[in-house]
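J.: Using only what follows, build the 3D model:
(one chain, ligands or ions: 2)
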Amino acid sequence: MGYKDLREWLARIDDFGELKRIDGADPGGEIGAICDLACEKEHLPAILFDRIPGFRPGYRIATMGESPHSTALTLGLAEGTDVLNMTREIRDKMRDIQRIPPEVLDNGPVLENVHTGDDVDLFEFPVPKWHELDGGPYIGTGDMVVIRDPDEGWVNVGTYRVQRHDRNTLGFYISPGKHGRIQREKYWAKGESCPVAISFGHDPLMVVAASAALPWGLPEYEYAGGVKGGPIEVIKGPVTGLPIPADAEIAIEGESYPDETRLEGPFGEFAGYYASGERQEPVIRVKSVMHRNDPILLGHPPKKPLPGSSSGVMRAATVWNGLERVGIPDIVGVGCFVTYFFTVVSIRQRYPGHSKQVGAVAGQIPGGAYCGRWVIVVDDDIDPTNLNEVMWALATRCDPALSVDFLHRCWGTPLDPMSNPGLISGGPNVFNSRAILDACVPYELKSRKLFAIPMEMSEELRARVKAKFGAALE
Ligand SMILES: Cc1cc2nc3c(=O)[nH]c(=O)nc-3n(C[C@H](O)[C@H](O)[C@H](O)COP(=O)(O)O)c2cc1C
Ligand SMILES: [Mn+2]
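T.: Residues are numbered from 1 along each chain as shown. Ligands and ions are numbered 1, 2, ... in the order given. Model prediction:
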């Protein structure tokens, strides 16, 4: 693939003209506000902040941006295709992905500076307050949190938000059901502390892998190696032995103790709200800090959901592969919108009940299960990544009284603004419900050709008239 680490990735994004450089913005509010302003552009550029007031020049912050170019670069896809083709390509690539374990090196740039014990000082780095009402600075947004399963031995990596509390204490929020949370609880149930390593700047592919809904037991490092076509290079953390990217910009190691919490949040989250407020959440006591010379903190702060993002494409590819893996035929495409909330699947209807089967399964397999809300199933003439077409199907092929079904008490999260506050204060038992909307032409009408004919030009007429009069329309 075309780049080695975060620095080379940023250079490639710069070549596309999609890197903005901003000097002199303060981390207390200006940096976050600039990121929000940048969301008003058609494609979100990457931004490199330097000369941050109060910090040494060269101590930088980069945000990832979201554009078809950056998604293609990060995932190693062909340039210039539309969202559905991109989704198809990544789904093909993921289908039989080869796991490639990370390669352990003795040394790496991340070890250029190592601080332990009393020398640990997280105030060394500029850390933004990303959104106006955030409860504090969040050092972890595009991060990778590394935890080893205490029983099964494999290493999970997840992107979870990390708040800087003080010079050697971090707070980390992990939603119920996430792998890192299950593993953390396993240590605590044995009365042990949970060793954690976190990288705060690395190849953006690791953010994609660490935030993808991979199945339990599949190590994100091995998956990312498979996507990259070669092993991810790691070093063993000097305190925990956990694998840390050898070219990480900034990394920490620490321990999280049972029953030790601090107030965490609020934080502007993926749904576009400061959901879940301020609550007692676990902390990490930081034992070591490592960083490259002139480190770059990688930020990926949540914003109001954007269409066509790399995470949306990955999620759609995951649902698509999942539906095929369980053996459902004739899945034609998948589109995901508004992060986890909306999943659209297009199918070639083959039998009565096909569309309902697809809807129910898509709402419960990896990629579709966590915090879903709406699953819409459409016919194969509808591009599931094109909301106009999806709306047309929903408006014209649905009988709401017959086409909508509900699933109750599904996998939710306190980060969902619709989650029930009563349940949150009662513990991590957060449920939500799902609507399965069947927006396919009813099978009995379609199969007997009784449904109205869509007003679509035949290919023959289109080609003939385009050849003759197309130029006049240019
Ligand atoms: C920028 C970003 C921030 C995220 N923050 C959190 C978070 O604070 N807590 C959480 O549980 N999931 C968060 N996620 C979602 C998880 O990364 C995602 O669900 C992932 O699949 C978790 O990995 P796991 O299944 O190995 O636990 C975030 C994702 C992204 C892209
Ligand atoms: Mn995982």
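J.: which residue packs closest to Arg88, ignoring adjacent ones?
T.: Distance criterion CB to CB, 6 or more residues apart in numbering; nearest residue to Arg88, sequence neighbours excluded, is Gly333 at 7.1 Å. Glycine gets a C-beta too; all of them are placed from N, C-alpha and C.
J.: Equivalent analysis for Ala46, please.
T.: Nearest one to Ala46, counting by CB to CB, 6+ apart, is Gly65 at 3.7 Å.
J.: so where's this protein shaky on pLDDT?
T.: 1, 305-309, 420-429 (pLDDT under 70).
J.: when you scan the longest strand anywhere in it, is anything in it near ligand 1?
T.: As assigned by DSSP state E, the longest strand anywhere in the chain is strand 279-291. No - using CB under 6 Å from any ligand atom, strand 279-291 stays clear of ligand 1, coming no nearer than 9.8 Å.
J.: circling back: any idea which helix or strand carries the residue nearest to Arg88?
T.: strand 331-337 (DSSP states H and E).
J.: Show me what that strand is in contact with.
T.: Here strand 331-337 makes contact (CB atoms under 8 Å, 6 or more residues apart in numbering) with 83-84, 87-88, 91, 305, 307, 312-313, 315-317, 319-320, 323-324, 342-348, 358, 362, 367, 380, 383-387, 390.
J.: how does it look with 6 Å?
T.: 84, 312, 315-316, 319-320, 323-324, 343-348, 380, 384-385 (CB atoms under 6 Å, 6 or more residues apart in numbering).
J.: ditto for stretch 338-346
T.: Here stretch 338-346 makes contact (CB under 6 Å, 6+ apart) with 270, 305, 332-336, 358, 362, 368, 370-378, 380, 382, 384, 390.
J.: partner strands of the strand holding Gly333, parallel or antiparallel?
T.: Paired strands of strand 331-337, with direction, are strand 342-347 (antiparallel) (DSSP bridges).
J.: What separation do you get for the residue nearest to Arg88 and ligand 1?
T.: To ligand 1, Gly333 is 22 Å away according to CB to the nearest ligand atom, to the nearest Å.
J.: That residue: neighbour count?
T.: Counted with other CB atoms under 10 Å, the neighbours of Gly333 add up to 23.
J.: Just give the closest residue to Arg184, not the sequence neighbours.
T.: Closest residue in space to Arg184, ignoring its immediate chain neighbours: Cys194 at 4.8 Å, by CB to CB, 6+ apart.
J.: Check Ala369 too.
T.: Trp411 is the one closest to Ala369 (CB to CB, 6+ apart), at 5.3 Å.
J.: As a check, name the ranges of all helices in the chain.
T.: For the chain, the helices defined by DSSP state H occupy 6-15, 30-38, 68-75, 83-95, 179-189, 204-211, 220-228, 310-325, 354-362, 387-396, 400-403, 421-425, 443-447, 459-473.
J.: Name the residues that touch the second one?
T.: Counting by CB under 6 Å, 6+ apart, the neighbours of helix 30-38 from elsewhere in the structure are 25, 44-45, 49, 63, 128, 130-131, 301.
J.: Is it in proximity to ligand 1?
T.: No - Helix 30-38 is not in contact with ligand 1 by CB under 6 Å from any ligand atom; minimum separation 12.0 Å.
J.: tell me which residues in that helix are buried?
T.: For helix 30-38, burial by neighbour count (16 or more other CB atoms under 10 Å) applies to 30-32, 34-35, 38.
J.: Out of those residues, which is nearest to Leu394?
T.: Nearest to Leu394 among the buried residues of helix 30-38 is Ala38, at 31.9 Å by CB to CB.
J.: any idea how far ligand 1 is from the closest residue to Ile331 other than its chain neighbours?
T.: Distances taken as CB to CB, 6+ apart place Leu323 nearest to Ile331, at 4.9 Å, with adjacent residues excluded. In this view, Leu323 and ligand 1 are 18 Å apart by CB to the nearest ligand atom.
J.: related to what we said a few turns ago, and the contacts of helix 30-38, which two are furthest apart?
T.: It's Pro45 and His131 that sit farthest apart of the contacts of helix 30-38, by CB to CB, at 18.8 Å.
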